[in-house]
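A.B. asks: need the 3D shape of this:
(chains A and B)
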Amino acid sequence: MRLEVSGQIECLAELNAGLQTEWSRLELPEEQLFPFELSLEEIFTNVVKYGQDAAEPARVIVTLTRDGDSVVMEISDSGFAFDPLLAATPDTSLDIDDRAIGGLGIHLVREMMTRVDYERRDGYNVLTMHKDLA
Amino acid sequence: METNQEKTANALILMPEGRLDFGAAAEFQAALENGVAEASGAGLAIIVDCAKLDYVSSAGLRSFLVGARTAREKNVGFHVCSLVPGVAEVFKVSGFGQIIPPLADRAAAEAAVAS
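C.D. replies: Numbers count the residues shown, from 1 in each chain, chains lettered A, B, ... in the order given. Modelled structure (predicted):
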């Protein structure tokens, strides 16, 4: 699968629909789709957010492949060089009044995937997520 | 996403249905805030019954956090129950489960507000 959309929030639904279609086509277990939907939303909304000051929206390319007992999703965007894995991990032990409203998305991705890697490649931020099928 | 409501003697029950993603978060937050205002006026607690909530992202969690804070400010009890496995995992890994401890089911939530 290779989905390509513009980094605009309206494209989230299209991306998610594409992911679901591909998930079924690869005959992957339905109950394991959740972390991929979540990661796609979190990373895509980050790209949209960080691209707000750019002259034009980033291109976002998503691929999904099965690799034996794991699934690999790669999300590339042509936005400003940005490694989301360098973001500080939020303190998830804080109380209701002290919890920051932001910073949770990438934390969820890291926790729910088996492995996440970042590289800057040919003008694209490339985030590769691996998850072992249970 | 739709959020239906029910009332019992002690609680206003909100039942979100579907996907609580970035696009649905603002609407859900408004539903929670309106619910808290209504519950506060009627001396009720809030129960968010998530049995039909299939999906939540960090944007959706923020709505829960804002709802829980609003409830606390108004001295309204705020409980969530019946999380499906994916939603339960998001609550757990985000630490939200410590802020708003999820209850197993509607019966447990109603028991919590009965006292």
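A.B. asks: chain B against chain A: which residues are in contact?
C.D. replies: With C-beta under 8 Å from any C-beta of the partner chain as the criterion, chain B meets chain A at residues B:21-23, B:55, B:57-59, B:61-62, B:65-66, B:68-69, B:72, B:85-86, B:89-90, B:93-95, B:98-100. All C-beta atoms are positioned from the backbone trio N, CA, C, and that covers glycine.
A.B. asks: how many neighbouring residues does residue 23 have?
C.D. replies: No chain specified, so I'll use chain A. 20 (other C-beta atoms under 10 Å in any protein chain shown).
A.B. asks: oops, wrong one, chain B.
C.D. replies: 18.
A.B. asks: gap between the longest strand along chain B and the chain center?
C.D. replies: The residue-count maximum for a strand in chain B (DSSP state E) belongs to strand B:11-20. Distance of strand B:11-20 from the chain centroid (C-alpha atoms, centre = their mean, to the nearest Å) equals 7 Å.
A.B. asks: follow-up on the earlier one: what's the PyMOL line that selects buried ones from the residues of chain B next to chain A?
C.D. replies: The buried residues among those can be selected in PyMOL (16 or more other C-beta atoms under 10 Å in any protein chain shown) with this line:
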select buried, chain B and resi 21+22+23+55+57+58+59+61+62+65+66+68+69+86+89+90+93+94+95+99+100
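A.B. asks: ok, back up a step: what comes up buried for the longest strand of chain B?
C.D. replies: Buried positions in strand B:11-20, judged by neighbour count with 16+ other C-beta under 10 Å: B:11-16, B:19-20.
A.B. asks: pull out the buried residues from the next helix or strand after that strand.
C.D. replies: Note on strand B:11-20: by DSSP states H and E, the next helix or strand toward the C-terminus is helix B:22-42. By neighbour count on 16+ other C-beta under 10 Å, the buried set for helix B:22-42 is B:22-25, B:28-29, B:31-36, B:38-40.
A.B. asks: beta partners of A:D117?
C.D. replies: A:D117 has these beta-bridge partners by DSSP bridges: A:T128.
A.B. asks: and the gap between it and A:I75?
C.D. replies: 12 Å (C-beta to C-beta, to the nearest Å).
A.B. asks: so what sits against both of those two?
C.D. replies: Residues touching both A:D117 and A:I75 by C-beta atoms under 8 Å, 6 or more residues apart in numbering or on different chains: A:L127.
A.B. asks: the two: which has the busier surroundings?
C.D. replies: The neighbour comparison of A:D117 against A:I75 (other C-beta under 10 Å) goes to A:I75, with 25 against 11.
A.B. asks: mind checking the SS state of the more buried one?
C.D. replies: strand (DSSP: H, G, I helix; E, B strand; the rest coil).
A.B. asks: so how far is chain B from it?
C.D. replies: Separation of A:I75 from chain B (C-beta to the nearest C-beta, to the nearest Å): 15 Å.
A.B. asks: isn't B:G67 right next to B:N34, touching?
C.D. replies: No: with contact defined as C-beta atoms under 8 Å, B:G67 does not reach B:N34; the gap is 10.0 Å.
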